[in-house]
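A.B. asks: after the sequence you'll find the predicted model.
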Amino acid sequence: MKTLVYIVGAGPGDPDLISVKGRRCLRQADVVLHDRLINPTLLGEARSNAVLIDVGKRRGREDERQAQIHRLMIDYAREGKLVCRLKGGDPFVFGRAGEEVEALLSAGIPFEVIPGISSVTAGPAAAGIPLTHRNYTHGFLAIAGSRSADFTSAEWEAARVLIRNGGTVVVLMGLARLDRIVSHLLEAGCPPKLQAAVIAKATWPDQQVWFGTLEKIEAAADAFPALLVFGNVVSFATQWKPSNPSSNTGLK
């Protein structure tokens, strides 16, 4: 059966970081259902007569919007249209693409998932932070820091254990709860001098990075939508100057 829906990872922001296959699907699509923060330059790759629909989530209406995305994918596909569901980062990393796959399976719509570069790895890399380094740590963990995350969960317990044992933890969608996350980690026995970073708009031209310690990193709470990195490997980034960020701010 002919594939009618492509769930495409657009990468972390820089339009050059989408895969070759993902860009090809975008260029061929009749309909592009895109996230709110997709780079406008990347959207310019779509055909001039393609239908572009912003299906980005709005706070408080996430589930309603997700259901609408399912309906749009299915309805356009049933019309015989080639649909590109363009999602930031990698579709299967905190992107709810699993739910979209379930909806397409239930509807009998042929689809393909095209992986993308996740900001989980690209954000730290663009800031000069290796998530693993043989002289610092041999493992990392990524966790959602949104309001749905429960600090008593097994995932947060694993994060605390990893940090206390020298590992690296990346928190996405956690900036709004940065003060609570920091307080929780400190109360759980994580060292106040633990190295930390806040990376805003990773890989975009106006990327910004704040370096500091766990006890001081809350000063970056007014940054743009950002990801958080906790772990001593953060100190590696202070040894050189990454070319991407427009500014690097140290927190004392």
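C.D. replies: Thanks, I have it. Numbers count the residues shown, from 1 in each chain.
A.B. asks: so where is the stretch 51-200 of the chain shaky, pLDDT-wise?
C.D. replies: For the stretch 51-200 of the chain, the stretches with pLDDT under 70 are 58-61, 147-149.
A.B. asks: list the buried ones in stretch 12-30?
C.D. replies: By neighbour count on 16 or more other C-beta atoms under 10 Å, the buried set for stretch 12-30 is 12-15, 17-19, 22-26, 29-30. Using the backbone N, CA and C atoms, a C-beta is placed for each residue, glycine as well.
A.B. asks: which of those residues fall in helices?
C.D. replies: If you go by DSSP state H, the buried residues of stretch 12-30 have 22, 23, 24, 25, 26 in helices.
A.B. asks: tell me the pLDDT of the last one.
C.D. replies: What the model reports for residue 26 is a pLDDT of 98.
A.B. asks: what's around residue 43, how many residues?
C.D. replies: Residues near residue 43, counting by other C-beta atoms under 10 Å, number 17.
A.B. asks: quick check, nearest of the buried residues of stretch 12-30 to residue 196?
C.D. replies: Closest approach to residue 196 among the buried residues of stretch 12-30 (C-beta to C-beta): residue 12, at 19.7 Å.
A.B. asks: correct me, but the closest one touches residue 122?
C.D. replies: Yes - with contacts counted by C-beta atoms under 8 Å, residue 12 reaches residue 122, the gap being 4.2 Å.
A.B. asks: give me the common contacts of these two.
C.D. replies: Residues touching both residue 12 and residue 122 (C-beta atoms under 8 Å, 6 or more residues apart in numbering) are 89, 202, 203.
A.B. asks: out of those, name the ones that lie in strands.
C.D. replies: Of those, none are assigned to strands by DSSP state E.
A.B. asks: show the buried residues in these.
C.D. replies: Neighbour counting by 16+ other C-beta under 10 Å classes 89, 202, 203 among those as buried.
A.B. asks: Serialize the residues you listed to JSON lines and add fields for distance to residue 188.
C.D. replies: Formatted as JSON lines, these follow (distance: C-beta to C-beta, whole Å):
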{"residue": "89", "distance to residue 188": "28"}
{"residue": "202", "distance to residue 188": "27"}
{"residue": "203", "distance to residue 188": "31"}
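A.B. asks: hang on, the earlier thing: and of the ones in helices among the buried residues of stretch 12-30, the nearest to residue 141?
C.D. replies: Closest to residue 141 out of these is residue 22 (26.5 Å), distances taken as C-beta to C-beta.
A.B. asks: for the nearest residue to the closest one once chain neighbours are set aside, identify the helix or strand it belongs to.
C.D. replies: Counting by C-beta to C-beta, 6 or more residues apart in numbering, residue 22 lies nearest to residue 8, which is 4.4 Å off, once chain neighbours are set aside. Using DSSP states H and E, residue 8 sits in strand 5-9.
A.B. asks: how distant is that strand from the center of its chain?
C.D. replies: 16 Å (C-alpha atoms, centre = their mean, to the nearest Å).
A.B. asks: what do you get for stretch 16-31?
C.D. replies: Stretch 16-31 sits 19 Å away from the centroid of its parent chain (C-alpha atoms, centre = their mean).
A.B. asks: cool, stretch 62-73 as well?
C.D. replies: Offset of stretch 62-73 from its chain centre (C-alpha atoms, centre = their mean): 20 Å.
A.B. asks: how about stretch 204-220?
C.D. replies: Distance, centroid of stretch 204-220 to centroid of chain: 17 Å (C-alpha atoms, centre = their mean).
A.B. asks: cool, and stretch 65-74?
C.D. replies: On the basis of C-alpha atoms, centre = their mean, stretch 65-74 sits 21 Å off its chain's mean C-alpha point.
A.B. asks: cool, and stretch 171-185?
C.D. replies: Centroid separation between stretch 171-185 and its chain, computed with C-alpha atoms, centre = their mean, is 16 Å.
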